[in-house]
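> Provide a 3D model corresponding to the input given below.
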Amino acid sequence: MLEWSDEAIVLEARPHGESGAVVSLLTERHGRHAGFVRGGQGRQMRPVLQPGNAVSARWSARLAEHIGNLTLELTGAHAATVMDDRARLAALASAAALCERALPERAPHPATYHGVLALIAALAGDATSGAHWREVYVQWELLLLRDLGYGLDLARCAAGGANDQLAYVSPRTGRAVSLAAGEPYAERLLPLPGFLVGRGGGGDAEVAQGLQITEYFLAKNVFEPQNRDLPSARKRLTQILGLGTA
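Here you go, the predicted structure:
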């Protein structure tokens, strides 16, 4: 018998059989991992299996290739915490969907796991934190790209321009370009928001620019090679925020 125990975040729960569910988790040490939860469709387990919730998980199976069984204990009802805020709930759902669709199965990605925990903490912030969580969400998508091997270089100008005037991102290379070097090609470059290079900001326009950058590279490097579209939850987040990325 094979088994492990780990801390995890619920990504998705799909009905299976009359009362069970196949649940996908993002675990700290075992990566994205699925298992069967008995009674997963029942009244007691449904609130536990909401995307974004934190759980203590135990998985067991007779053989490694089997889907196995999961026993879960709720440790953080994060979905309920943001339930009354459509935008924050959409951000939590988007992060869960991206992890489910982008991460390889059973491959540890501790950076992404801890990044989700940091995002959850930002989403749970009170009103005094304002829109800070939206910047954290963009930063989390950049972290996800980096963890998958598609990190962007936003620290210096790819064309040799001044690093204190970074204003664009090359859609071809994923590297930053300075204002002067990029101006002749501005229509072909992605605007680089100041909050991603330490210049403050983070208003609606800059958050939209950040989402445009991450959306472009997630599509180009992660989903298009698989002939798949961005998860619908990610598209819904942009719609709810009212920040068009086109």
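> and the longest strand along the chain, what other elements does it pack with?
Taking DSSP state E as the criterion, the chain has its longest strand at strand 2-16. With contacts taken as 3 or more C-beta pairs under 8 Å, 6 or more residues apart in numbering; DSSP states H and E, strand 2-16 sits against strand 20-27, strand 31-37, strand 54-61, helix 86-102, helix 110-123. (C-beta placed from N, C-alpha, C; glycine too.)
> now render these as CSV, adding distance to residue 157 and mean neighbour count.
Formatted as CSV, the helices and strands packed on strand 2-16 follow (distance: least, C-beta to C-beta, whole Å; neighbours: other C-beta atoms under 10 Å):
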stretch, distance to residue 157, mean neighbour count
strand 20-27, 35, 22
strand 31-37, 35, 22
strand 54-61, 40, 19
helix 86-102, 29, 23
helix 110-123, 26, 19
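> isn't residue 241 right next to residue 207, touching?
Yes: applying C-beta atoms under 8 Å, one finds residue 241 in contact with residue 207, separated by 7.3 Å.
> which neighbours do these two share?
Counting by C-beta atoms under 8 Å, 6 or more residues apart in numbering, the common neighbours of residue 241 and residue 207 are residue 134.
> now residue 208: which helix or strand?
Element membership of residue 208, judged by DSSP states H and E, is helix 204-218.
> may I see the buried residues of the helix or strand just after that helix?
The helix or strand immediately downstream of helix 204-218 is helix 232-241, counting by DSSP H and E. Buried residues in helix 232-241, counted by 16 or more other C-beta atoms under 10 Å: 233-234, 237-238, 241.
> what's the nearest residue to residue 169 if we skip its chain neighbours?
residue 190 (4.3 Å; C-beta to C-beta, 6 or more residues apart in numbering).
> show me which helix or strand of this protein is least confident by mean pLDDT.
Across the helices and strands of the chain, mean confidence by mean pLDDT, DSSP states H and E is lowest for helix 179-182: a mean of 90.
> low pLDDT regions in this structure?
Within the chain, the segments meeting pLDDT under 70 span 126-131, 161-162, 202, 243-246.
> on that earlier part again, how far is the least confident helix or strand of the chain from where the chain is centred?
From the chain centre to the centre of helix 179-182 is a distance of 31 Å (C-alpha atoms, centre = their mean, to the nearest Å).
> what's that helix packed up against?
strand 166-169.
> how much space separates the residue nearest the centre of the chain from residue 10?
The chain has residue 95 as the residue nearest its centroid, 3.2 Å off, counting by C-alpha atoms, centre = their mean. As for residue 95, its distance to residue 10 is 12 Å (criterion: C-beta to C-beta, to the nearest Å).
> same deal with residue 132?
Applying C-beta to C-beta, the value for residue 132 to residue 10 is 24 Å.
> between the two, which one's more packed in?
Between residue 132 and residue 10, counted using other C-beta atoms under 10 Å, the more crowded position is residue 10 (24 against 14).
> quick one: contacts for that one?
For residue 10, the contact set (C-beta under 8 Å, 6+ apart) comprises 23-25, 48-55, 96.
> at 6 Å instead, please
49, 51, 53 (C-beta atoms under 6 Å, 6 or more residues apart in numbering).
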